[in-house]
Each structure stands twice: as C-alpha cells, then as structure tokens.
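*Asks:* predicted model and sequence follow; I will ask about them next.
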Amino acid sequence: MGKQTAEAGATPAAVQQRGFTRELEERLLRYVRIDTQSDDSSATSPSTARQYDLLNLLVEELRSMGAQDVRLTGYGVVLATIPPTVPADCPVIALLAHVDTAPAFNATGVKPIVHRNYDGADIVLPDEPGVVLSPSQFPYLAAKVGDDIVTASGTTLLGADDKAGVAIVMTAVRHLLENPGLAHGPLRVAFTPDEEIGRGVHSSLPADLGADVAYTLDGAGLGEIVFETFSADRADVHVKGVSIHPGQAKDKLVNALHLAAKILDTLPHVTLTPETTEGRQGFIHAYQLNGTAAAADLHFALRDFELQGLRERGELVTKICAAIEATEPRARITCSITPQYRNMRYWLEDDMRPVDLARESCRRIGIEPFTQPIRGGTDGSRLTEMGVPTPNLFTGMQNIHGPHEWVSLQDMAHATAMCVKLAELWAGERRGAAARRATPLEAAPVDWAG
C-alpha cells in the first residue's frame, strides 16, 4: 500500500524512471552472469563460442517482445527492427551495444552485487577484500550517494562494459514496443560481438543495419556524448631466433626472447606509454608478449587522435625492430601494422545533427550533456568511417576492464530515457536535411576506454 501511495504521488517521469531501474537491474544481473569474453587470438567471428550464449538469448527476448526482422547473422550480430509509429519520411536510426567483455581480466563466474541506496562509504568487495571502491579514489562514486551501485565480487570484472549498454537498449526497445503512442520513426537494433578486440563491425554490418544514423551505448558518466575518439592501429612483431640445445649453444643460439626484450627496452619508457600520457597525447602500448628461445611475438596498441601521430607511432616501432635485427643478422624480425579504427570526428564534424539531437534528448529529460574526446574507441568509430554516423552515448559504467568496475542503475535508467527521447526527436527530422558543421570545441579528453 505504501508503494502504491508513493507511486500515486510521483510524477510520470519519476514512475517511469523507477520502472526502468527495476527492469535494468533484472536484465543487467542476468546478462553479466553469462561469460562472453572475446579472444584476440581466435580467427572466428565471434571469436568465442560463449558469446552465442548471450546473443541467442537476446534473439529470444527480442522476438518475445514483438520486435520484427529478428535474426542472428552469420558473423554473430543480432539485428532487429522496431517499426515506426509515424508515417513521415524520417531517418532510420539504430541503437547498438556489444555483448563481449574484455580479455584483460577474469570474466568467468561473475557474481554481481547490488549496493542499494549507496551511503558514500568505501565498498569492500567480499571475495577479495583488498579490492575496495573508495570515493576518495574514484570521485564519480562520491557523486552517487543514494544510487543503487552494481559491482562484481572482487575476483572478476563486472561486464557493465557493455552489458549495461545491452540492458539499456533492450529496456528502451521494450518500452517503445509497449507504448505505440510514442512518436518515432523506424528503429534498428544491433548487438555486436568482439568489440573489445577491435572486430565488432563486420564489413557487411552497415548494409545489414540499414540505418542513416546510429548510436552506441558504450559510454561512461551521466550526460556524456562522444563524437571524438582515438585513431588506432595494431603492431604485431614476430622475432625468429636460432634454436639449439643449450648444452651445445656456444656461438650458435640466437635467443628470440632476448631480442624481444631488447625491443621493449629500446622503446620509450618515460614517454609514449599509456601510464605516462594523458589528454591528446598518443601512446604505444605493449600489451602481450609470448614465445620461446626459438621464436617470440609482441603485440602493441598504437593510439593517437591524429593520423600523423598514429603513423609516427607505427614508424617508431618498425624502425626499432629493424635496428635490433641489424645487431643480429641470423635473426629475423618482422613488424606488421594493421589499421583498427579511426577518430569518428573526421566524419561527424561534417554533420553534427546526430550529436545535436543526442544533446537535446539529454536536456529534455533534465540531464545537462557534456562532450569530451575519449582516449579509446567504440564500434561507432568503425561504423562512422564506413558511412554510418555513430556517436557514443553514456551508460554510467566506470572503472572498466578490471575488478573495480561498477555502474549506477539510476545512470542506466537516465540513459534509457534518453534513448526513448532520442527516437522521438528523430521522428521530427527528414531524410536529406541540410548538414550542420561543427564549431570549434575545446574539451579535455577523459581516460576511460582502451
């Protein structure tokens, strides 16, 4: 009775917010318990079969909601359509989230915990008491007193990146389907695999998606609207030594591990690494080394906001590999550079309507939007490059890719309301409308994604 009385005295927006929060909690906790970690060493798409556990579940849930054209593509993307409620020739928009979690930390056996009505104190995670979420260390947490905070138990990541986005999209879709009185144009939905390893956007996705504009739900703090990201390449270095029994190795053995160590030692250590850079500075990140005395492989993430800087990072790694090879002519060292994604700003600044409408949707639900370049990338970086303008929207996720990961359910509910409002606002647009170019934007990048 008390709950009914409280609901009766609340505004419709507050009632909707509470309803979203309850649904989002149920969805998020269910989704994060499913291990969907991707694997960069796999050549398949998706890279891991376990991602199908969530992909297939989403197909079932979308069909049960009444979504149309629901299918799972041969490359592991779930697609669906929400039919329009207005007859106008408005653009087709799409909402996307990725199902995989990062290979950077354990993702098996996630035990989500809801810390209700957060009181502002340190949160000690029970399975690893040394893992503590402290508002003094994480200032954004200090601003979430009264919110319901979801964490893992200390031994795994949570997977809010990007299952918070998945839950938000699914909740928004359910709301639109159950409320046909809301005006919106045609809406497409996509859930992608392998975003965390840079392979979330298959070459067929833009055509299969069939959208004029899209949004990824893969952002961080409340109100964040992103249209500038890193540009990214990957450098793969292979070192081939000369192997022989160590008892007979005098003047014969060429140890590939020693040469790999020399490459790492020659690269910059006090500059151009993730831990020594910030803002608009690019970096070279050595993230994997494996091998034997006979052969070794090193893998580097190359990042910069500008293409010239990105080229310079690749050239530096290539030159160092050549220099180390020159010291030992019996060895063979190769370095290959593979493009991954590009700064979405290069395309979005030519037409800012997707960003403008995202900002306006935030304001319509009482959230002041902000825009910052991010020191990372999203599926939207690739989609934008391939012709589908795709800014990135907030979900609330924090401290991703590790045991300190957490998310506010109330932030997620605001993101859901923003998606609903965004669909309504695009119903007032027309295909072929004049573009609006960007004005100079001054904002400091924020470190949240890799």
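*Replies:* Nice, thanks for sending it over.
*Asks:* can you tell me how far Met266 sits from Thr327?
*Replies:* No, residue 266 isn't Met; it's Thr. With distances defined as CB to CB, to the nearest Å, the gap from Thr266 to Thr327 amounts to 10 Å. In short, each C-beta sits where N, CA and C put it, glycine included.
*Asks:* which of the two has more residues huddled nearby?
*Replies:* Between Thr266 and Thr327, counted using other CB atoms under 10 Å, the more crowded position is Thr266 (15 against 9).
*Asks:* let me know whether that one touches Lys319 as I believe.
*Replies:* No. Here Thr266 does not reach Lys319: they are 9.7 Å apart, not a contact under CB atoms under 8 Å.
*Asks:* neighbours around Glu306, how many?
*Replies:* With other CB under 10 Å as criterion, Glu306 counts 14.
*Asks:* can you pull the contacts of it?
*Replies:* The contact partners of Glu306, by CB atoms under 8 Å, 6 or more residues apart in numbering, come to 231, 282, 343.
*Asks:* just the ones in strands from those, please.
*Replies:* Ser231 (DSSP state E).
*Asks:* buried subset of the contacts of Glu306?
*Replies:* Neighbour counting with 16 or more other CB atoms under 10 Å marks 231, 282, 343 as buried within these.
*Asks:* just those residues now: which is nearest Thr378?
*Replies:* Distances from the buried ones among the contacts of Glu306 to Thr378 were compared by CB to CB; the smallest belongs to Asn343, at 11.4 Å.
*Asks:* that closest one touches Gly309, doesn't it?
*Replies:* No. Counting by CB under 8 Å, Asn343 stays clear of Gly309, with 10.6 Å between them.
*Asks:* break the chain into its domains for me.
*Replies:* By the assignment in automatic domain parsing, the chain contains the domains 9-229+343-426, 231-340.
*Asks:* quick check: end-to-end length of the last one?
*Replies:* It stands for domain 231-340. 8 Å (CA to CA, to the nearest Å).
*Asks:* tell me the mean pLDDT for it?
*Replies:* Predicted confidence along domain 231-340 averages 97 (mean pLDDT).
*Asks:* so where is the chain shaky, pLDDT-wise?
*Replies:* The model of the chain has pLDDT under 70 over residues 1-9, 432-450.
*Asks:* which parts of the stretch 251-400 of the chain are helices?
*Replies:* The residue ranges that make up the helices of the stretch 251-400 of the chain, judged by DSSP state H, counting those that start in this stretch, are 256-266, 307-326, 345-348, 353-364, 379-385.
*Asks:* which residues does the last one contact?
*Replies:* Residues external to helix 379-385 that are found in contact with it (CB under 8 Å, 6+ apart): 96, 98, 192, 195, 200-201, 205-206, 209, 214-216, 218, 229, 232, 341-344, 346-348, 390-392.
*Asks:* which ones are touching Leu298?
*Replies:* Going by CB under 8 Å, 6+ apart, the list of residues near Leu298 reads 236-237, 239, 260, 263-264, 286, 288-289.
*Asks:* any idea how far it is from Glu360?
*Replies:* Distance from Leu298 to Glu360, by CB to CB: 46 Å.
*Asks:* ok, Gly154 - contacts?
*Replies:* Each residue near Gly154 by CB under 8 Å, 6+ apart is listed here: 125-131, 403.
*Asks:* ok, 10 Å please
*Replies:* For Gly154, the contacting residues are 111, 113, 124-133, 403-404, by CB atoms under 10 Å, 6 or more residues apart in numbering.
*Asks:* over to Thr271?
*Replies:* The contact partners of Thr271, by CB under 10 Å, 6+ apart, come to 277, 281, 283-284.
*Asks:* list phi and psi for Glu128.
*Replies:* In this entry, Glu128 is assigned phi and psi values of phi -150, psi 80 (degrees, to the nearest 10).
*Asks:* swap in the one 10 residues further on?
*Replies:* Backbone geometry at Phe138, expressed as degrees, to the nearest 10, gives phi -120, psi 90.
*Asks:* that one: neighbour count?
*Replies:* A total of 17 residues lie near Phe138 under the criterion other CB under 10 Å.
*Asks:* please report which of the contacts of Leu298 has the highest neighbour count.
*Replies:* Neighbour max across the contacts of Leu298 (other CB under 10 Å) = Val239, 30 neighbours.
*Asks:* that one should be in a strand, yeah?
*Replies:* Yes. The assignment for Val239 by DSSP: H, G, I helix; E, B strand; the rest coil puts it in a strand.
*Asks:* surely it and Lys262 touch.
*Replies:* Yes. Counting by CB atoms under 10 Å, Val239 sits close enough to Lys262 to count as a contact (9.5 Å).
*Asks:* shared neighbours, the two?
*Replies:* With CB under 10 Å, 6+ apart as the test, Val239 and Lys262 both reach 324, 328, 333.
*Asks:* can you lay out those residues as CSV showing neighbour count and distance to Leu253?
*Replies:* CSV is the format used below for the shared contacts of Val239 and Lys262 (neighbours: other CB atoms under 10 Å; distance: CB to CB, whole Å):
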residue, neighbour count, distance to Leu253
Ile324, 21, 17
Glu328, 18, 11
Ile333, 25, 16
